[in-house]
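Visitor: I would like to see how this sequence folds:
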Amino acid sequence: MKLSNLFQKQKNPVLESISTYQQGLIKDIDFHLKFTYNEQTYIAKPTDWDKNIVTFEAPMAGLDYVFLPSHLNIEVSFISKSALFSTSLRITKNYHQEQVLYYVAEIVAPIIKKQRRETFRLNVNLDVQYQPISMKQLIPSPSSSKKNGVCTNISAGGMCLSCHQQLQTKDTLQLHFTLMQQPLSLVGEVLSQEACTGIDTYLHRIRFIGLDSDTANRLSHLIFEQQRLQLKKTK
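Guide: Coordinates of the predicted model:
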């Protein structure tokens, strides 16, 4: 057997696992990373995934970005709407873009599917006030005003927003709503327009961005409590 053919037959388990799971994960509105560093657990949003290189927003600790040194190896959970995966990343570099800190990391261990998640996108009917904001400074655009919409379902990663305005992909919104009598003000990015649900009514997929771990955990808890309340009412 030729040496070149032998090399072709050897398989790379990291690249094989990426080939198996990558497309399903990056299309999931709930896809996020979870890892522990210096005894603190953080949640981060991936922004790009090319082969074995993943780019993600630096998580926040209070008002500051979490600093991860180059060449750091971290065990990471890839979390989607339906499943939990484990792998390891090696931080290769970081950079700033529009005042946001990003990390670039190499996937250095096979992605392993650990279990199915029991959480799911919860159907709700929540009044939402939304307002376009500048992603660069996370402040309302000078010409924008608050508009009303309805959240038709929600998860820890995002929501579906029904409104009379046709929003554009990558629009950034400040979202104000109340869940389980708790007021929330989150930032979201429009992923796509799903459908026109009526005359001059549009449905949009929104992904929450810039959530620190405390806010993400609080949101997950409120969704769980709302789900439990809905199940009680159906019994």
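Visitor: Show me what the mean pLDDT comes to for the helix or strand Y103 falls within.
Guide: When elements are assigned from DSSP states H and E, Y103 belongs to strand 100-107. Strand 100-107 comes out with an average pLDDT of 96.
Visitor: Outside of it itself, list whatever touches it.
Guide: 14, 18, 44, 47, 52-58, 65, 68, 87-96 (C-beta atoms under 8 Å, 6 or more residues apart in numbering). The way it works is simple: take the backbone N, C-alpha and C, and place the C-beta from them, glycine included.
Visitor: Can you read off the pLDDT for the residue lying closest to H164 once chain neighbours are set aside?
Guide: Nearest residue to H164 in three dimensions, chain neighbours excluded: D200, at 5.2 Å (C-beta to C-beta, 6 or more residues apart in numbering). Per-residue pLDDT puts D200 at 75.
Visitor: Quick check: D200 vs Q226, distance?
Guide: Distance, D200 to Q226, using C-beta to C-beta, to the nearest Å: 29 Å.
Visitor: Same drill for these two, tell me which one is more crowded.
Guide: Q226 (16 against 10; other C-beta atoms under 10 Å).
Visitor: Tell me if that one really is in a helix.
Guide: Yes: according to DSSP: H, G, I helix; E, B strand; the rest coil, Q226 belongs to a helix.
Visitor: And for it, nearest residue in space, chain neighbours not counted?
Guide: M180 (5.5 Å).
Visitor: now V54
Guide: A105 is the one closest to V54 (C-beta to C-beta, 6+ apart), at 5.3 Å.
Visitor: Pairing partners for the one you found in the sheet, please.
Guide: Taking DSSP bridges as the rule, A105 bridges to V54, I91.
Visitor: Walk me through the domains of the protein.
Guide: 7-116, 122-234 (automatic domain parsing).
Visitor: Which of those domains comes out lowest on mean pLDDT?
Guide: Among these, domain 122-234 scores lowest, at a mean of 85.
Visitor: Number of residues surrounding F208?
Guide: 24.
Visitor: Could you do W49 as well?
Guide: Count around W49 with other C-beta under 10 Å applied: 17.
Visitor: Quickly find the element holding it.
Guide: Going by DSSP H and E, W49 is in strand 46-50.
Visitor: just Q166 next, same as before
Guide: Here Q166 is assigned to no helix or strand, by DSSP H and E.
Visitor: That concludes my questions; thank you for your assistance.
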